[in-house]
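**Student:** Turn this into a structure:
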Amino acid sequence: MKNKPVPKGFKIFSLYESSYTYTFLPTSCVAENDVPKVNGLSKVGVPLFQYLQQIGIGVCRTIQKTTSRFPKALKVDKNIKLNWDIHSGVKINNTLMIFWQDNGSVTMLSTIYSLVDEEWEVEQE
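**Tutor:** Predicted coordinates:
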């Protein structure tokens, strides 16, 4: 049918950066998959990290301060001048929310970490 998109069955997976496509893979998806759908995990944030931790997957990633359920205590205004290497963290339900000052402010979430007294360290396992 002219000017009508194909309703289902075809997808193109591509790897690109800065408007340049490195590779692509056309696929035909005609069979239903057996992967269960989990609602509420479409955005990177605390709920997704907690779900992945429950099924045994460790995650560590930088995120935006506007991420859902990111603590207000770690949301620092970008106009405030802080010394380099200042860091702080909050642990909620085995997910560590981290703020530190590099050349700019950095916020991240991690389920792969170890805490020793007042010091924290993110380790790759």
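
**Student:** For the rest of this, base every contact and every neighbour count on C-alpha atoms.
**Tutor:** Fine.

**Student:** wait, what's in contact with residue 86?
**Tutor:** 100, 101, 102 (C-alpha atoms under 8 Å, 6 or more residues apart in numbering).

**Student:** Surely the last one and residue 85 touch.
**Tutor:** Yes - with contact defined as C-alpha atoms under 8 Å, residue 102 and residue 85 form a contacting pair (5.8 Å).

**Student:** Residues in a beta bridge with residue 91, which ones?
**Tutor:** Beta-bridge pairing of residue 91 under DSSP bridges involves residue 96.

**Student:** tally of neighbours for it?
**Tutor:** Residues near residue 91, counting by other C-alpha atoms under 10 Å, number 14.

**Student:** Distance check, it against residue 102.
**Tutor:** For residue 91, the distance to residue 102 (C-alpha to C-alpha, to the nearest Å) stands at 21 Å.

**Student:** I figured residue 99 hits residue 107, correct?
**Tutor:** Yes - assessed by C-alpha under 8 Å, residue 99 is found in contact with residue 107 at 4.6 Å.

**Student:** Whichever of the contacts of residue 86 count as buried, I'd like them selected in PyMOL; how would that read?
**Tutor:** The PyMOL selection below is limited to those of those classed as buried (16 or more other C-alpha atoms under 10 Å):
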select buried, resi 100+101
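
**Student:** Which of the contacts of residue 86 sits closest to residue 39?
**Tutor:** Proximity to residue 39 was ranked across the contacts of residue 86 by C-alpha to C-alpha; first place goes to residue 100, at 31.4 Å.

**Student:** tell me the SS of that closest one?
**Tutor:** Assigned by DSSP: H, G, I helix; E, B strand; the rest coil, the conformation of residue 100 is strand.

**Student:** What segments of this structure are strands?
**Tutor:** 10-17, 20-28, 60-62, 87-92, 95-101, 105-110, 114-116, 119-121 (DSSP state E).
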